[in-house]
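1. Pasting the sequence and the predicted model now:
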Amino acid sequence: MANKSVWNDNRFWRRSATWVTGFASILLIWLTFDTSAQISMGTNEDLQNGVTKRVPGPTVINYKITYEMSAKRGHEVPVIGGNDGKGNSLFQEKEKFFGRDDWSEKEAREMLHLGKLGSQAKNCMDCHTLLGNGAYYAPDLTKAWLDPAWGPNGTMQAITNKPTKEEAMAEFLQHPELYATHARMMPNLGITKEEAIGLVAFLKHMSSIDTNGFPRNFGKMKGAINGK
Amino acid sequence: MFEQFTDVVPSFFGWLNQGPLTLTIFLHTVIILPMIFIYFQEKKRLENEK
Amino acid sequence: MANNHLTSESKQLATWYLTFAAILFGAQLLFGLIAAIQYVMPGFLYGILDFSIARILHINALVVWMVFAMFGSVYWLLPDETGIETIGIKAGKLVYWIFVAAIVVVVLVFLLIQVGPASDTTIWFITEGREYIEAPRWADFGIVVVALTFVGNLFLTGMKGKQTGIVTVLMADMIAFAGLYLAGMFFTDNISVDQYWWWWVIHLWVEATWEVFVGAIAAYGLITMIGAHRKVVEMWLWIEVAMLFGSGILGMGHHYFWIGTPEYWWEIGALFSALEPLPLVAMFVHVLYDWGKTQGAEMNSEHTDEGHVKSVIKNKPAFTWFVLNAFGNFLGAGVWGFFHTLPQINLYTHGTQFTSAHGHLAFFGAYATILVGMMYLAVQGKNGIKVMKNTKASIWAVSMITGGVMGMTVALTIAGYVQVIVSRAQMGATWAAYFDGQGGAWFTQAMDWRLIMGVITFLGFVLLAKDLLTTGKNPVHER
């Protein structure tokens, strides 16, 4: 019978399917262990000892964070506490966050926890994207902390009448309808002052996560509006 | 021959990533190759059935 | 109900699941329309039913109607495949009502309460705030109970009755499908870890277990609708399982490019997910091949004169949707997915309307089509129809829905293109860059077209509902 080829034999394909599925699953589990170790959150000690983590500890909010080109990695990386000139973090330069740059690990962790909870309780992800995932109705928040619009030369500090980036952000989050810059306004989600501080800590922490160069050229384009 | 390791943390999979597609081709190969073994086993079985 | 031709309890239960699925399908389209209007008129329902809430309901109704229709499809085919009545049908009926009640409560909470304070209580009782699986934690546990009961019924029936290849694949697939949901049921402060496991649910559902489910349903459909040869169909099914899981499981890497995970995922994600369209091509070829083969055999049989050659298809509308599935799966999941699966491209398309375009066509092409096809099969069985014909409404429905979704996809792709070029590549992804892209003429016009196409899709759905509901009284079908 012509049907006696292995290629149209159900048993061969069933065994192959079982093998491929099983082995791919095992590889995925192995990769998951490897990745989990790499993306576990760092500690305050890591920051003090100059250990670069993909996801730094919550006390990273005490440091100055920038997003700069790394010669070694070939793309932009978060630089924490100053740049050694090659895109590596120095973990030295501090930056005040709501007036302090000595938040303890416990305090910082609590703020981050509240912020992360808040990001879910307010359904942030159903308008914005976080690490590029979510909805596309509002801007990506991955590096929102580093957005020039909130910086000293940006408009948001002036609109909210606050002297610092973090205070401007917290004020905006509590009353987004008062400081709308576009027809597509963020609604008032009943965010309290404490929650707003937590959310800003969450955003600052998120900007310190090494996202392999996403988004590219963040905030680097100046004077190129409308292709001019 | 070997490329400089670029990722933050060295790891086995990162080490296999030695330039264009080395890691993914390696993984594809280890998934597909045993199918050859299954093929010959099944071929033998079909011949015996005859 | 009068004129019910179903003798199987399992099929009876299947019609319940499929009916509720159709209702949720309508709800999904309605909330999608609201969200689409908000892109065009941002003030629409502002502060009452904001975009985030409309979108939550849009995508959660989508997931839940598909899960309902999937459960219904399995209950429908189980007696045919195993040759016995489904075991544990009482438990199946009980969890059906639990599931429906839970969904009504969750929807009401989403609509009326919407958001909560940043506390665990909110996560447990209002929203979990994670795209696609926003349902609060209590509902998660409910879903686990419902899914376990369903999987239990499937396993008990599959092990006692005849265990065909289709049933074997479904058993393995559904236990993975139910188990994976657990990966989305925890809270962590670490957003990278959060999204890592979140993708285990989302990706391994829609790009692995659901696809294999579709393969199994397509196999069942070919056997029942055109009398395709079981041995051939099941061989194809095993090939598809090997290819779908072989590419889909590690293809998950394409979600791990930018969420804080190591660089090696670039390579893993790129090539494995690049191969994901292959099994979809295989499915398409297989469906058309089997159709051509059985039709050809019919034409070569005793009726050589043209007038006597009959179509081998026993359910025209269902078969239309099944063929559309083969094509839509390949186009929506395959081609539109491949567009942006390589990291070099995804760096700029990640988090833009490109993803949205892919999502619309993929969910429709890969899942909505085949599940609507199953609804037609159920309507046929319920009304004791031997050969089900196309009606005007069925043809208009399928054309309008397909045309509408295709139109939305093209519009969103164009919108995504603007975003990629203006907001990302040119201006560097900031807040200002984002809004500059959103204000562009191409973008706003694309959003107008998306809304128009959305309305067409919805009208098509109305016709579909009418056709399904009036089939029982329609005299054109052969009984």
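-> Everything's here; your move. Numbers count the residues shown, from 1 in each chain, chains lettered A, B, ... in the order given.
2. Chain A against chain B: which residues are in contact?
-> A:4, A:6, A:9, A:11-12, A:15-16, A:19-20, A:23-24, A:27, A:31, A:34, A:37-38, A:52-54, A:72-74, A:210 (CB under 8 Å from any CB of the partner chain). Glycine gets a C-beta too; all of them are placed from N, C-alpha and C.
3. Report the closest residue of chain B relative to chain C.
-> Nearest to chain C, among the residues of chain B, is residue B:24, at 4.0 Å (CB to the nearest CB).
4. Is it correct that that residue is in contact with residue C:265?
-> No - between residue B:24 and residue C:265 there is no contact under CB atoms under 8 Å: 10.2 Å.
5. just checking, residue C:476 is part of a strand?
-> No - according to DSSP: H, G, I helix; E, B strand; the rest coil, the state of residue C:476 is coil, so it is not within a strand.
6. where's the residue of chain B closest to chain C, which helix or strand?
-> Per DSSP states H and E, residue B:24 falls inside helix B:22-32.
7. From the contact counts, what lies against that helix?
-> Applying 3 or more CB pairs under 8 Å, 6 or more residues apart in numbering or on different chains; DSSP states H and E, one finds that helix B:22-32 contacts helix A:10-39, helix B:12-16, helix C:264-274.
8. now for the last one, which elements pack on it?
-> Applying 3+ CB pairs under 8 Å, 6+ apart, one finds that helix C:264-274 makes contact with helix B:12-16, helix B:22-32, helix C:230-251, helix C:343-349.
9. contacts for the second one?
-> If I follow you right, that is helix B:22-32. Residues from elsewhere that reach helix B:22-32 (CB atoms under 8 Å, 6 or more residues apart in numbering or on different chains): A:20, A:23-24, A:27, B:13, B:16-17, C:246, C:250, C:264, C:267-268, C:270-272.
10. Separate out the buried members of those.
-> Buried members of the contacts of helix B:22-32, scored by 16 or more other CB atoms under 10 Å in any protein chain shown, are A:20, A:23-24, A:27, B:13, B:17, C:246, C:250, C:264, C:267-268, C:270-272.
11. hmm, back to that, most tightly surrounded among the helices and strands packed on helix C:264-274?
-> Greatest average neighbour count among the helices and strands packed on helix C:264-274 goes to helix C:230-251 (a mean of 24), per mean count of other CB atoms under 10 Å in any protein chain shown.
12. is that helix up against chain B anywhere?
-> Yes - Helix C:230-251 comes into contact with chain B (CB under 8 Å from any CB), by way of C:246, C:250.
13. does chain A sit close to that helix?
-> Yes - against chain A, helix C:230-251 shows contacts by CB under 8 Å from any CB at C:231, C:232, C:234, C:235, C:238, C:239, C:241, C:242, C:245, C:246, C:249, C:250.
14. show me where pLDDT drops low in chain A?
-> Low-confidence segments of chain A (pLDDT under 70): A:1-3, A:221-228.
15. what about the strands in it?
-> A:65-70, A:75-80, A:129-130, A:133-134 (DSSP state E).
16. could you redo the ones you listed as JSON lines and give each row mean neighbour count?
-> Compiled in JSON lines, those are given as follows (neighbours: other CB atoms under 10 Å in any protein chain shown):
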{"stretch": "strand A:65-70", "mean neighbour count": "18"}
{"stretch": "strand A:75-80", "mean neighbour count": "23"}
{"stretch": "strand A:129-130", "mean neighbour count": "24"}
{"stretch": "strand A:133-134", "mean neighbour count": "24"}
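17. now the ones you listed as a markdown table including distance to residue C:158?
-> A markdown table is the format used below for those (distance: least, CB to CB, whole Å):
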| stretch | distance to residue C:158 |
| --- | --- |
| strand A:65-70 | 53 |
| strand A:75-80 | 50 |
| strand A:129-130 | 41 |
| strand A:133-134 | 36 |
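18. can you list the residues of chain B near chain A?
-> With CB under 8 Å from any CB as the criterion, chain B meets chain A at residues B:4, B:6-9, B:11-13, B:27, B:30-31, B:34-35, B:38-39, B:42-43, B:45-46, B:50.
19. Centre of the chain to the helix holding residue B:24, how far?
-> From the chain centre to the centre of helix B:22-32 is a distance of 3 Å (CA atoms, centre = their mean, to the nearest Å).
20. buried sites along the helix or strand just after that helix?
-> Using DSSP H and E, the helix or strand that follows helix B:22-32 towards the C-terminus is helix B:34-49. Within helix B:34-49, the residues that count as buried by 16+ other CB under 10 Å are B:35, B:38, B:39, B:42, B:43, B:46.
21. now do stretch C:286-305
-> Across stretch C:286-305, burial judged by 16+ other CB under 10 Å covers C:286, C:287, C:290, C:291, C:294, C:295, C:298.
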